[in-house]
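Colleague: I would like to see how this sequence folds:
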Amino acid sequence: MATINASILLSVTWMDGSAGALWLILMRVGQGVGGALLFANSGAILTVFASFLGYNPMATLLGPHVLAGLPPAQAHELTGRSFFPHLISSPFHRALVFAFVFAIAACLVAAVASLLRGGKYHHSEATVATGLEPVEGAA
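Modeller: Sure, this is the predicted structure:
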């Protein structure tokens, strides 16, 4: 998200000279930070998608040397289809609960703020007399 925000802000350059150059440099730094955050979190994102697709990355993560050192029953248990989804289901469930509780709380705060706002507001534009208004009855 930081990469997208920095890219959008980068397209809005209203400054000239050294201030404009500093603006461009700071926005490029923002893009770099956003890219680093995206790269840092890609492992977690790929892990969740892998579990949804039924892929178990444990064989890849442990490597052939570790799996060869384990008894066959344990190696099969670690690389089977049920171990990895059960491993991440509890933290994933907890994160979903936090996300939904936050969403409900934000909706309730917005509803209370909407109720406290008062009646419906009708915006009216101020008109300036220019002398060019049409005259009624003149046709």
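
Colleague: Now do the helices in this structure.
Modeller: 2-11, 17-53, 58-69, 72-79, 83-116 (DSSP state H).

Colleague: which residues touch residue 122?
Modeller: For residue 122, the contact set (C-beta atoms under 8 Å, 6 or more residues apart in numbering) is empty. (Each C-beta comes from the backbone N, C-alpha and C, glycine too.)

Colleague: if I look at it, how far off is residue 87?
Modeller: 57 Å (C-beta to C-beta, to the nearest Å).

Colleague: Residue 99 too?
Modeller: From residue 99 to residue 87 the distance is 20 Å (C-beta to C-beta).

Colleague: okay, now the closest residue to residue 78 other than its chain neighbours: neighbour count?
Modeller: Once flanking residues are discounted, residue 78 sits nearest to residue 58: 5.0 Å by C-beta to C-beta, 6 or more residues apart in numbering. By other C-beta atoms under 10 Å, 17 other residues sit near residue 58.

Colleague: how about TSV for the helices of the chain, with mean pLDDT and distance to residue 136 added?
Modeller: Shown next, in TSV, are the helices of the chain (pLDDT from 0 to 100; distance: least, C-beta to C-beta, whole Å):
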stretch	mean pLDDT	distance to residue 136
helix 2-11	62	49
helix 17-53	78	53
helix 58-69	85	82
helix 72-79	89	86
helix 83-116	89	41
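
Colleague: And the pLDDT for the spatially closest residue to residue 84 that is not a sequence neighbour?
Modeller: Counting by C-beta to C-beta, 6+ apart, residue 56 is the residue found nearest to residue 84 once chain neighbours are left out, at 4.4 Å. pLDDT, residue 56: 78.

Colleague: Quick check: residue 56 touching residue 80?
Modeller: Yes - assessed by C-beta atoms under 8 Å, residue 56 is found in contact with residue 80 at 7.0 Å.
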